[in-house]
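K.L.:
Compute the structure for the input listed below.
(2 chains)
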Amino acid sequence: MDSERAERHLRLAAEAALRRARTLPREAGQVRPRDVLSECLGRLRGIATALVSVGAVDADRAEAIMDEFQAALSARHLHAMTVRPLPVGRLLPVGRPRPAAPARPVIRAAPATGSPRPDAEPAPSAGIPRVIPVSRMLRLRDGDVTGELYVMSLVVTATHAAAPAVARIRRRARDTTWAPAPTSFPPFGQITAADDRETRYHVGAQGGGLLSRWTGHLNIQPGPPAGARWLDLNAGDDASVRIDLTGTTEVASAVIEPLSARPGDQLLENVAQQILAAAADDPHLARQAADSTGDTVRALEAAGALSPLSPAPGHLATVCGRLGIDGHGITARPTPDLPEPWLSVLACYGRRHRHTVRDGTATVAVTLPELNGARVVLAGLHTLNGQTYLHVLGCGWPASWSARRFGPGMLPAFGWWLQDDAGHWHVAVQRQWTEGPGGETFVMLRVVPPLGRETASGTLFVTTPEQRAAVRVPLSWWAVP
Amino acid sequence: MSGQPPGPQSNGPWWRALPALETRVPCGPDTHPVRWQDGALGLPAHPDPEGEVVLAALGGEKAGCIEVAAAWHQHADDLGVMAVGPRDPADSVNVSWEDVQEFREAGPGRFGGRITRPHSQPMRRPGPPAGGTGLPPAGGSKFSAAAGAGLFPAGSRRVPRRPIPVGQAEEPERIRAERLGLLALLALGLEFQMVLSGTVAAAWADGGPRARERHAHRAALEAALTGRLAPAAARWLGIDPDQVDARLHDGPGWGGLELSGTGAARHLRAALPAGWLAAVWACGLTVAGGHLVVAVQQAAWPDATVLAVPEPGRDPVLLSVRAGEEAGRKAGQNADKNAGPSGDRAHWEVTGVQPAATGGPDEPARPSPRPSPRPSRGEAD
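P.N.:
Numbering: from 1, shown residues only, chains lettered A, B, ... in the order given. All right, here's what the predicted structure looks like:
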């Protein structure tokens, strides 16, 4: 990659965007702000994000260029002037030592039945988060409100603990039209936590929901100490869940292989994942995800992050074509030889009658080996109303990977694919996230197509800019929230 | 085409092809003149600006003129000026003093976002006051244009902007203060904006105080070059501005131009020195008589001898140009605070043409007084 060429491309894109801004159509002498945002700021931000994401341009420099561009617009009364630039995300921090990638695939961590013999990983240290399967339901009762909280697992880090959960909430009286007021939703105020040493913990909730459903995690602070034997979650009236803390941390076996592709290829795969997942909800969202992808391709090529011979732009063009998306700006010809996971997900959209799945909550408690210095913990999975979410906790993710710099439409730090036990592929993309007190990142990945109770296991493929890990994920379905 | 000799791009300071400029800025309850001449900014109404700076540092109120001069000094080598400022004379960077005040009072917030008419005071050529203008006579202080000295004379040591280490965000208050200063400079009007841009470009050109750091800021300089050459090339060749790509030319000669493709796919690659932005672009000399001006050989406003290319692939010729009567009239009557949509701010008329081979920096060319092969228009061509 060539950082000077990348910065030059970004600055020239800013010049072109300013020329576009100056020629935008006007109504009553004024340019429509949405035109400036979409045609100028949005496109330039997309280019900046792509270049920062692959490490071709430093994030601070990209933000400075965006800031200057906004100032240029405002000096022409095309945009409000601010002193805070739009943030742009990045995948890897500049200056971070590049981990030595293994030359061949390796299998790490403890052996599992039926899995290849692994190379032994050093014993887990205290810094590795511990995930404990819970799979218990806690009855809730708070005034006129009642419900069930389905606790999937407990993740214990050095600073706190978190319990991914799904809740169903309703009024005691038979009033089907009632919906909880926002101030009382969710009714978790009465939940307390205490351990075997009678230490009490603060319990909060982070998540969201609509009407009678809530999804998120309980925040338990501080984290239970190393010697604690169990933790009780109490919701009053003898409703409690006891969680055994005496188990040890086990890192799952995973096949890890280095990525030979340039970072631009990985980025475009992430873009494809966003498009494929968005298409499940709304074609308009998929179109937004594909918007200005051509700009991204050209920027990556200019920066040397994508080979001119890369098949990825053609693959993206094919996906867009199959989904009826135009205006993406990709000039590469569509190619029929899509990667198998892409074809599998696309085939789902082609079916006249999509396969319906049964809702449920599955126990998942898997700690992946270290990837690029980061930890990924799978802490639960649930399917509700035909939508599947995988609950993930990330530790040791660089700050730039954090939610502060990423939104649902931004380019994620990881690429996720899941192949179920029937051989079908599912794409997973980041949809909701929060940051923990210790810098952990809680992410909910939307899995498309959804997984139902008939799926007993799958293999999750996690891709970072430098490595790809494959880990087997057993699914133990235990409740229908 | 690769430009080799003839010679360096210019003899003498870059601003020799520019007239003196003057405008008025809010200063306390009044407005005061601010003058630019011979490469320096002057404050005729403030005989002792250094003393006022000291008093302000001791808690006194800093005069508006002093703030403008300090901002000019601070941004004189700021490449951010090139990112924000005008790309061509038709580029309406309309910042008013009301906008500046709004930004000053708005806290860490916003400014602009609406279309307004420019409110900056018109520019005028210094000299005897025109009847009824109410402007004070020129030469009111030792910093007047007559002496060619400014509050921070050309060549004086500037206080460098604090370098920002990569990875460390600039603090909002400092960004805000710098932005306020830049807004005040933009409020001086188009002519001052272009002169400020020329000052910045000259700082990074050969012989400038930042020339040695040019390699580390190549991307910003090439974007500034491309962004300003593109509209000029569009006027010159009718080419799509997005198909213009300019790179910095280092070394002898004026650079090079290469046109490829046909029709809408025509693409112009150019290599020009950073000094082109100052000596040519900032002086409104980019296109004259249907030629792209690539260097200024000699100049003493309103006359200049320029090296100009009739079309890509052709050898350059020497053009004698003279600022048109209209330009002089506009400047003299304070009527040209903003260029019209055609970009005819500077109205250069070609008065002579001759092959460049016979001319050189050490042997000033004497173009024959024959008419230009194209209509004698400047920027508007």
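
K.L.:
Could you give the number of residues near the closest residue to residue A:202 other than its chain neighbours?
P.N.:
Of all residues not flanking residue A:202 in the chain, residue A:221 sits nearest, at 4.8 Å (Cβ to Cβ, 6 or more residues apart in numbering or on different chains). Yep, even glycine has a C-beta here, placed from its N, CA and C like the rest. Residue A:221 has 15 neighbours, counted by other Cβ atoms under 10 Å in any protein chain shown.

K.L.:
Pretty sure residue A:221 sits against residue A:157.
P.N.:
No. Applying Cβ atoms under 8 Å as the test, residue A:221 and residue A:157 come out as separate, 10.5 Å apart.

K.L.:
Domain boundaries for chain B, per the record?
P.N.:
B:2-15+B:215-358, B:20-212 (automatic domain parsing).

K.L.:
Mean pLDDT lowest where, among those domains?
P.N.:
Among the domains of chain B, domain B:20-212 carries the lowest mean pLDDT, at a mean of 72.

K.L.:
What is the end-to-end distance of that domain?
P.N.:
Using Cα to Cα, to the nearest Å, the end-to-end distance of domain B:20-212 comes to 29 Å.

K.L.:
Likewise for stretch B:237-253?
P.N.:
Note: stretch B:237-253 ends 23 Å apart using Cα to Cα.

K.L.:
How about it and chain A, any contact?
P.N.:
Yes. Using Cβ under 8 Å from any Cβ of the partner chain, stretch B:237-253 reaches chain A at B:241-242, B:245.

K.L.:
Quickly note the distance from residue A:384 to residue A:281.
P.N.:
The gap separating residue A:384 from residue A:281 is 14 Å, by Cβ to Cβ, to the nearest Å.

K.L.:
just residue B:40 next, same as before
P.N.:
Distance from residue B:40 to residue A:281, by Cβ to Cβ: 62 Å.

K.L.:
quick one, phi psi at the spatially most central residue of chain A?
P.N.:
Residue closest to the mean C-alpha point of chain A, counted by Cα atoms, centre = their mean, is residue A:430 at 2.4 Å. Backbone geometry at residue A:430, expressed as degrees, to the nearest 10, gives phi -70, psi 130.

K.L.:
So what sits opposite it in the bridge?
P.N.:
residue A:445 (DSSP bridges).

K.L.:
That one touches residue A:443, doesn't it?
P.N.:
Yes. Between residue A:430 and residue A:443 there is a contact at 5.5 Å, judged by Cβ under 8 Å.

K.L.:
and residue A:459, which of the domains of chain B is closest to it?
P.N.:
domain B:20-212 (37.7 Å; Cβ to Cβ).

K.L.:
Between residue B:40 and residue A:281, which has more neighbouring residues?
P.N.:
residue B:40 (22 against 13).

K.L.:
give me the beta-bridge partners of that one?
P.N.:
What pairs with residue B:40, by the bridge criterion (DSSP bridges), is residue B:37.

K.L.:
Would you check how far apart it and chain A are?
P.N.:
According to Cβ to the nearest Cβ, to the nearest Å, residue B:40 and chain A sit 24 Å apart.

K.L.:
what sits against the residue in the stretch 151-300 of chain B that chain A sits nearest to?
P.N.:
Closest approach of the stretch 151-300 of chain B to chain A (Cβ to the nearest Cβ) occurs at residue B:223, with a separation of 3.4 Å. Taking Cβ atoms under 8 Å, 6 or more residues apart in numbering or on different chains as the criterion, residue B:223 is in contact with A:8, A:11-12, A:14-15, B:82-83.

K.L.:
Tabulate those residues in JSON lines, adding columns for secondary structure, distance to residue A:309 and neighbour count.
P.N.:
Below are those laid out as JSON lines (DSSP: H, G, I helix; E, B strand; the rest coil; distance: Cβ to Cβ, whole Å; neighbours: other Cβ atoms under 10 Å in any protein chain shown):
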{"residue": "A:8", "secondary structure": "helix", "distance to residue A:309": "22", "neighbour count": "23"}
{"residue": "A:11", "secondary structure": "helix", "distance to residue A:309": "26", "neighbour count": "23"}
{"residue": "A:12", "secondary structure": "helix", "distance to residue A:309": "23", "neighbour count": "22"}
{"residue": "A:14", "secondary structure": "helix", "distance to residue A:309": "28", "neighbour count": "23"}
{"residue": "A:15", "secondary structure": "helix", "distance to residue A:309": "28", "neighbour count": "24"}
{"residue": "B:82", "secondary structure": "helix", "distance to residue A:309": "36", "neighbour count": "24"}
{"residue": "B:83", "secondary structure": "helix", "distance to residue A:309": "34", "neighbour count": "22"}
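
K.L.:
Same list (the residues you listed) but as a markdown table, adding distance to residue A:151.
P.N.:
As requested, the contacts of residue B:223 are arranged in a markdown table below (distance: Cβ to Cβ, whole Å):
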| residue | distance to residue A:151 |
| --- | --- |
| A:8 | 53 |
| A:11 | 51 |
| A:12 | 53 |
| A:14 | 49 |
| A:15 | 54 |
| B:82 | 58 |
| B:83 | 53 |
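
K.L.:
Just the closest of those to residue A:168, please.
P.N.:
For the contacts of residue B:223, the nearest to residue A:168 is residue A:14 (49.9 Å; Cβ to Cβ).

K.L.:
Show me where chain B has its strands.
P.N.:
B:2-3, B:21-27, B:30-37, B:40-42, B:111-112, B:244-248, B:255-260, B:267-272, B:287-288, B:291-300, B:303-309, B:317-323, B:348-355 (DSSP state E).
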